[in-house]
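Colleague: Give me a model of this one.
(one chain, ligands or ions: 1)
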Amino acid sequence: LRGRGVWRYSAFLPFPEDVEPITLDEGWTPLHVSKLAGGLRLKNEGLNPTASFKDRGMTVAITDAHRRGASKVICASTGNTAASVAAYAARAGMRSYVLVPSGAVAKGKLAQAVAHGAKIVKVKGGFDEALREVLELLSSDRSFYLLNSVNPYRIEGQKTLAFEVWEQLDRSVPDVIVLPVGNAGNISAIWKGFKELRDAGLTDSTPRMIGVQAEGAAPLARAFEEGLSELRPVESPQTYATAIKIGSPVSWRRALMAARESHGAIISVGDDSILEAQRDLARVDGVFVEPASAASLAGYRRALAEGLIDNGEKVVAVLTGHGLKDPDAVMRFGVDEMEVEPGKLRRELSAYQ
Ligand SMILES: Cc1ncc(COP(=O)(O)O)c(/C=C/C(=O)C(=O)O)c1O
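Modeller: Predicted coordinates for the structure are as follows:
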């Protein structure tokens, strides 16, 4: 183990020792103790270079693209993958093409894609249509390198969150990992990381993986609930947590396997509980996350209420993206503001208190 962040675990990454990483020092994010519940810890992935967990997988996949001499990279995205692709492609001197749902991407993410110089292709429809467009293009045009989480190098990078949590918990694993699930790459990546820790003899237990979806975009929660072995996509997914507004998750098989193999679950929560969780995290724990990230806390609360998690169990909630990604979302918190004339502050404030 040397250095910090994703490349600290290069022994677990699929590259020869002399590989030249394309990196922005991603990873090594804080694990805070939460004041909201005993035993609950918060893995703050919003503190990665482009402010989401996507950077973990992007550093590894872009390093592979660079190694192969790629000059053009492409992805479909609800926004965070696009932001991360744009930044790492810029770092690697590559052109980036990002396909996003037209009119449905949070402002901060779009700002990042623009800032880093991506070609932004707005697809009429949702994420699912955008991903289909990308896969169709690639079936006839091999000049693009695909960066969605069907790319195994993304999964290899994202699994390193498990290694960090193990180190941050003094080389032990939590009872439960709870995290939001959209296209479903992350839940299978983190589960892979914990299995590798166990298979390397570094731990003798593994956590239960509890994935959380938004009620209006929960094909995996439904498949898990009904014990299905086939996914029934949600035709037009609805949630204000736009990062996980996905009706047909591409990694659904691996996600179901991770939930079942780990004796965990995939559940869904309402947008109102996501909003409440987002506000509590910001106003009690001081951690500002975007709506999809807050689904972790909303899911934790539901799992606790339903006995999927016992009080006192050690739980890590993965907070996947920073709150600045979606500034419009916080207008629903209720703003506490006043305007004063110059020289009137004392009078106005005393009236206010
Ligand atoms: C903040 C945030 N939280 C959770 C997820 C779900 O992770 P996966 O289940 O691995 O997809 C996403 C996913 C975003 C994209 O899929 C994209 O950017 O295209 C996210 O941005």
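Colleague: just so I have it, where are all the helices in the stretch 251-353 of the chain?
Modeller: 252-261, 271-283, 291-305, 345-352 (DSSP state H, counting those that start in this stretch).
Colleague: The ligand is nearest to which of the ones you listed?
Modeller: If you check each of these against the ligand by CB to the nearest ligand atom, helix 291-305 wins as the nearest, at 3.9 Å. Where C-beta positions appear, they are placed from N, C-alpha and C, glycine not excepted.
Colleague: Get me the contact residues on the protein for the ligand.
Modeller: Applying CB under 6 Å from any ligand atom, one finds that the chain approaches the ligand through 52, 77-81, 149, 180-186, 243-244, 290, 292-293, 320-321.
Colleague: related to what we said a few turns ago, which one of the helices of the stretch 251-353 of the chain is the most hemmed in?
Modeller: helix 291-305 (a mean of 27; mean count of other CB atoms under 10 Å).
Colleague: so can I have TSV of the helices of the stretch 251-353 of the chain showing mean pLDDT?
Modeller: As requested, the helices of the stretch 251-353 of the chain are exported to TSV (pLDDT from 0 to 100):
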stretch	mean pLDDT
helix 252-261	97
helix 271-283	98
helix 291-305	98
helix 345-352	89
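Colleague: Out of these, which gets nearest to Phe144?
Modeller: helix 252-261 (23.6 Å; CB to CB).
Colleague: gap between that closest one and the chain center?
Modeller: 17 Å (CA atoms, centre = their mean, to the nearest Å).
Colleague: In strands only, show me the residues of the chain next to the ligand.
Modeller: Pro180 (DSSP state E).
Colleague: out of the helices of the stretch 251-353 of the chain, which comes closest to Trp28?
Modeller: Nearest of the helices of the stretch 251-353 of the chain (CB to CB): helix 291-305, 18.2 Å.
Colleague: I'd like to know which elements the closest one is packed against.
Modeller: Judged by 3 or more CB pairs under 8 Å, 6 or more residues apart in numbering; DSSP states H and E, helix 291-305 is in contact with strand 176-180, strand 208-214, strand 265-269, helix 271-283, strand 315-319.
Colleague: who does the last one pair up with?
Modeller: In this case it means strand 315-319. Here strand 315-319 has these sheet partners by DSSP bridges: strand 40-44 (parallel), strand 176-180 (parallel).
Colleague: Quick check: mean pLDDT of the helix or strand that comes right after the first one?
Modeller: Remark: after strand 40-44, the chain's next helix or strand is helix 54-67, criterion DSSP states H and E. Confidence for helix 54-67, expressed as mean pLDDT, is 98.
Colleague: same thing with stretch 75-87?
Modeller: Stretch 75-87 comes out at a mean pLDDT of 98.
Colleague: What of stretch 314-321?
Modeller: Here the average pLDDT along stretch 314-321 is 98.
Colleague: List the buried residues in that stretch.
Modeller: Within stretch 314-321, the residues that count as buried by 16 or more other CB atoms under 10 Å are Val315, Val316, Ala317, Val318, Leu319, Thr320, Gly321.
Colleague: Equivalent analysis for stretch 77-88, please.
Modeller: Ser77, Thr78, Gly79, Asn80, Thr81, Ala82, Ala83, Ser84, Val85, Ala86, Ala87, Tyr88.
Colleague: do stretch 28-42 as well
Modeller: For stretch 28-42, by 16+ other CB under 10 Å, it's Trp28, Thr29, His32, Ser34, Ala37, Gly39, Leu40, Arg41, Leu42.
Colleague: okay, those residues in CSV with pLDDT next?
Modeller: Below are the buried residues of stretch 28-42 laid out as CSV (pLDDT from 0 to 100):
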residue, pLDDT
Trp28, 97
Thr29, 98
His32, 98
Ser34, 98
Ala37, 94
Gly39, 93
Leu40, 98
Arg41, 98
Leu42, 98
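Colleague: nearest to Ala115, of those residues?
Modeller: Thr29 (21.7 Å).
Colleague: which residues does the closest one contact?
Modeller: Counting by CB atoms under 8 Å, 6 or more residues apart in numbering, Thr29 touches Lys43, Asn44, Glu45, Gly46, Leu47, Asn48, Glu164.
Colleague: Please name the residues that touch the closest residue to Gly323 other than its chain neighbours.
Modeller: Of all residues not flanking Gly323 in the chain, Phe288 sits nearest, at 3.3 Å (CB to CB, 6 or more residues apart in numbering). Contacts for Phe288 (CB under 8 Å, 6+ apart) come out as Gly46, Leu281, Ala282, His322, Gly323, Leu324.
Colleague: which two from the residues you listed end up farthest apart in space?
Modeller: It's Leu281 and Leu324 that sit farthest apart of those, by CB to CB, at 13.8 Å.
Colleague: What is the nearest of the buried residues of stretch 28-42 to Lys107?
Modeller: The nearest member of those to Lys107, counting by CB to CB, is Thr29 at 23.0 Å.
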